[in-house]
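# got a sequence here, can you model it:
(one chain, ligands or ions: 1)
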Amino acid sequence: MADELVHYDVVGGTATITLDSPHNRNALSAQLRRELSDSLTKAATDDAVRVIVLTHTGPVFCAGMDLKEARGGSAGDQGVNEFPKILEQLWTSPKPVVARLAGPARAGGIGMVAACDIAVAVPEATFAFSEVRIGVVPAIISLTVLPRLNPRAAHELFLTGDTFDARRAVEIGLLNSAVPAAELDAEVTRFVKALAAGGPKALAETKALLSRPRFATPSEGFEEMLGLSAKFFASEEGQEGILAFAQKRKPNWVPQD
Ligand SMILES: CC(C)(COP(=O)([O-])OP(=O)([O-])OC[C@H]1O[C@@H](n2cnc3c(N)ncnc32)[C@H](O)[C@@H]1OP(=O)([O-])[O-])[C@@H](O)C(=O)NCCC(=O)NCCSC(=O)C[C@@](C)(O)CC(=O)[O-]
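So this is what the prediction gives:
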């Protein structure tokens, strides 16, 4: 049996998913995609998991699609199969996902970073939408990257394929922060703790809310949002949070359904 390329560990409510294929810079081979998708399913469905961290071994977070596997073959099997499913799993997971980058990301790897809720990298991490440089199109990743990036930067970086640094990635909305390597884990832990403090159902609903199409005007949305807000105020979770506030204690969140 081939060695595992993705490791899955749960400690104290955090599922850590580690890409471990450093020899090809965690390129998205068929095996890695399959294992990553399985790990994301486990994390999404395990009540004990509150937050997911997506990280890596080796010098590179992810070099994008496996270009060696993509040689030859036909349009249906060039390495992009199942990749949309992974982006969908990251984007729609009921648990918040934090990307931890101790190194660069390219193309499909950036698509995954963009699909995560929070992304933290070291200042040395570099990024490039290198697709056009090899004659392919950032089609799938456009679906997760474009909602994050400011349009001017998206046009420049998608069309030129230029490499940009972590500081610019923060400026354009791809990363939340860039911190020295020695502080990377503390920064990830800071986000994980903050995310785990929220009510699980409220977090899942808030995450879904962030992805909804916008209403044309606030007036169009008030009625629906009043219903959603009232539902959560009346929910077991909402009532526990409100009681905990009154009693000056931390809420005891009930497990998710
Ligand atoms: C990532 C750095 C900067 C690290 O740069 P580095 O750390 O200097 O590593 P390296 O370039 O020396 O590479 C180390 C090994 O990893 C391999 N490797 C490296 N990348 C890949 C890859 N993607 N697929 C398969 N193998 C890869 C590379 O071939 C080499 O293997 P060796 O020569 O030792 O046998 C550099 O390796 C690099 O630029 N890699 C190519 C990145 C790239 O062009 N990716 C495009 C992927 S296409 C894609 O993702 C399409 C998609 C999904 O976006 C389409 C869509 O959205 O619709």
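
# what residues does the stretch 101-250 of the chain have near the ligand?
104, 106-108, 111, 130-131, 134, 136-141 (CB under 6 Å from any ligand atom). Placement of C-beta: from N, CA and C, glycine included.

# check contacts around S37.
Each residue near S37 by CB atoms under 8 Å, 6 or more residues apart in numbering is listed here: E82, K85, I86, Q89.

# redo those residues as TSV? Include secondary structure.
Listed next are the contacts of S37 as TSV, based on DSSP: H, G, I helix; E, B strand; the rest coil:
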residue	secondary structure
E82	coil
K85	helix
I86	helix
Q89	helix
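
# L67: which of the residues you listed is nearest?
E82 (16.4 Å; CB to CB).

# need the nearest residue in space to the closest one, chain neighbours excluded.
Nearest residue to E82 in three dimensions, chain neighbours excluded: R33, at 4.8 Å (CB to CB, 6 or more residues apart in numbering).

# quick one: is the host helix or strand of that neighbour near the ligand?
Taking DSSP states H and E as the criterion, the element that holds R33 is helix 30-45. No - for helix 30-45, no contact with the ligand is found by CB under 6 Å from any ligand atom; the gap never falls below 10.5 Å.

# and that helix, C-alpha only, in PDB?
What follows is helix 30-45, C-alpha atoms only, in PDB (Å, rounded to 0.1, in the frame of the first residue of the first chain):
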ATOM      1  CA  ALA A  30      -4.900  11.800  -7.400                       C
ATOM      2  CA  GLN A  31      -3.900  10.000  -4.200                       C
ATOM      3  CA  LEU A  32      -3.400  13.300  -2.200                       C
ATOM      4  CA  ARG A  33      -6.700  14.600  -3.500                       C
ATOM      5  CA  ARG A  34      -8.500  11.500  -2.400                       C
ATOM      6  CA  GLU A  35      -7.000  11.400   1.000                       C
ATOM      7  CA  LEU A  36      -7.500  15.100   1.500                       C
ATOM      8  CA  SER A  37     -11.100  14.800   0.600                       C
ATOM      9  CA  ASP A  38     -11.600  11.900   3.000                       C
ATOM     10  CA  SER A  39     -10.000  13.900   5.800                       C
ATOM     11  CA  LEU A  40     -12.200  16.800   5.200                       C
ATOM     12  CA  THR A  41     -15.300  14.600   5.300                       C
ATOM     13  CA  LYS A  42     -14.100  13.100   8.600                       C
ATOM     14  CA  ALA A  43     -13.600  16.600  10.100                       C
ATOM     15  CA  ALA A  44     -16.900  17.900   8.900                       C
ATOM     16  CA  THR A  45     -18.900  15.000  10.400                       C
END
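
# strand partners (parallel or antiparallel) of the helix or strand following that helix?
Counting by DSSP H and E, the next helix or strand C-terminal to helix 30-45 is strand 51-56. Strand pairing for strand 51-56, using DSSP bridges, gives strand 14-19 (parallel), strand 97-101 (parallel).

# tell me which of the ones you listed is the most buried.
Comparing those by mean neighbour count (mean count of other CB atoms under 10 Å), strand 97-101 ranks first with a mean of 26.

# can you give me the end-to-end span of stretch 112-119?
10 Å (CA to CA, to the nearest Å).

# average pLDDT for it?
For stretch 112-119, mean pLDDT rounds to 98.

# just how off-centre is it within its chain?
3 Å (CA atoms, centre = their mean, to the nearest Å).

# now stretch 246-257
Distance, stretch centre to chain centre, for stretch 246-257: 26 Å (CA atoms, centre = their mean).

# again, but for stretch 147-159
Counting by CA atoms, centre = their mean, stretch 147-159 is centred 18 Å from the centre of its parent chain.

# buried stuff in it?
R148, L149, A153, A154, L157, F158 (16 or more other CB atoms under 10 Å).

# sketch out the low-pLDDT regions of the chain for me.
Scanning the chain for pLDDT under 70 picks out the ranges 1, 73-79, 255-257.
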